[in-house]
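J.: Got a predicted structure here, sequence first:
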Amino acid sequence: MPIRDELDYINIVNNTAKAKIALQGAHIFDFQTKDKKRLLYLSDTAHFKKGKAIRGGIPICWPWFGANEEDNTLPNHGFARTSLWKHESTKNISDVETKVRLTLESTPETHALWPFDFLLILDFYIGEELKLVLTSKNLDRKPFSLSLALHTYFEIDDIYKTTIDGLEGKAFYNKCNNTHNNIQNENINFTQEVDRVYQEVGNDVMIRDKEQNLVIKTEGSNSIVVWNPGKELCSKMSDLSDYRTFVCVESANVLEDIVTLGVDESYTLTLTISQKIEN
Ligand code: TA6
């Protein structure tokens, strides 16, 4: 297993695609098929350090998204993205698709941050499409609630020439001015910082880039978070080298869409991303 700075990662290469997945955070930070552009943005100044989230790829925000509502001194976006996961298996399903399974279980360290027993299973399918299947299991003797997100950083040509389709008519919370129940009248264009949670989505969302469309299909969640920090906020983030060449479109369960799991219950969030070349 190769190492980048301080972090071990799994390197996958098959006849269709290649990918790199750090064990810390079960964090995929590179994915590319043979005939297409790199899918995931990775900041030039991203940290590959123990206990720090990688700026780019797909951070796993779990068991809470954003600030912890009860204690804002706890880590933003939970602890899954900075915990060391276990590599269970890598299997070639065919010569064009590889499945990688990583797991994370509760420990005394996670109990200090969140007092529940759990098991997380994350399956990556590396092929013509990129698919992530995240299963959360309650192994505790009491129910718990989760908010979560697959905080995907998509690499794009230019944020000012990018649009997002599929969220028209949806209600959203605007974090930039802390207002709820805004309605998205048309497709999304970017002129400044955007930080929004769209609710009751339930359909595919598409990023329209210069030469390709990125189609995001989610099962098991109804919230989509859209984030780009814009110029000013980016200049304050030392591990973010550029705001123009990425947009985050995150498959999430937040606000009214949080998940409550009873004893022994489990819940699965699936994200499938396909890249279509524009003719
Ligand atoms: O998903 C959007 C967001 O919650 C933003 O508010 C922004 O702060 C971003 O995530 C990055 O969070 P991080 O903790 O990775 O710096």
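T.: Good, I have the coordinates.
J.: What is the burial count for the closest residue to S106 other than its chain neighbours?
T.: Leaving aside its sequence neighbours, S106 sits nearest to D117 (CB to CB, 6 or more residues apart in numbering; 4.7 Å). Quick note: C-beta positions are derived from backbone N, CA and C, even for glycine. When counting by other CB atoms under 10 Å, one arrives at 16 neighbours for D117.
J.: could you dump the strand ranked longest in the chain to CSV, C-alpha only?
T.: Longest strand in the chain, counting residues (DSSP state E): strand 266-277. The C-alpha coordinates for strand 266-277 follow below in CSV (Å, rounded to 0.1, in the frame of the first residue of the first chain):
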residue,chain,number,x,y,z
SER,A,266,-29.3,0.0,9.2
TYR,A,267,-29.6,2.5,6.5
THR,A,268,-27.9,2.8,3.1
LEU,A,269,-27.0,5.9,1.0
THR,A,270,-25.9,5.2,-2.6
LEU,A,271,-24.2,7.7,-4.9
THR,A,272,-23.5,7.0,-8.6
ILE,A,273,-21.7,9.5,-10.8
SER,A,274,-21.4,9.2,-14.6
GLN,A,275,-19.6,11.5,-17.0
LYS,A,276,-21.1,12.2,-20.3
ILE,A,277,-19.1,13.9,-23.0
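J.: chain center to that strand: distance?
T.: Per CA atoms, centre = their mean, to the nearest Å, the displacement of strand 266-277 from the mean C-alpha position of its chain is 10 Å.
J.: in its sheet, what does that strand sit against?
T.: strand 130-138 (antiparallel), strand 212-219 (antiparallel) (DSSP bridges).
J.: contacting residues around it?
T.: Strand 266-277 is contacted from outside by 33, 36-37, 39, 128-138, 146, 148, 150, 152, 211-221, 251, 253, 259, 261, using CB atoms under 8 Å, 6 or more residues apart in numbering.
J.: sorry, back to before: can I get the strands paired with strand 266-277 in a markdown table with mean neighbour count, mean pLDDT and distance to the ligand?
T.: A markdown table is the format used below for the strands paired with strand 266-277 (neighbours: other CB atoms under 10 Å; pLDDT from 0 to 100; distance: least, CB to the nearest ligand atom, whole Å):
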| stretch | mean neighbour count | mean pLDDT | distance to the ligand |
| --- | --- | --- | --- |
| strand 130-138 | 20 | 98 | 16 |
| strand 212-219 | 18 | 98 | 15 |
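J.: what about stretch 19-28 and the ligand, touching?
T.: No - contact between stretch 19-28 and the ligand is absent, the nearest approach being 11.2 Å (criterion: CB under 6 Å from any ligand atom).
J.: what about that stretch, average pLDDT?
T.: Mean per-residue pLDDT for stretch 19-28: 98.
J.: Contacts made by that stretch with the rest, please.
T.: Here stretch 19-28 makes contact (CB under 8 Å, 6+ apart) with 1, 4, 7-12, 29-32, 40, 48, 50, 53-54, 57-60, 80-87, 98, 100, 102, 104, 122, 124, 126, 130, 132.
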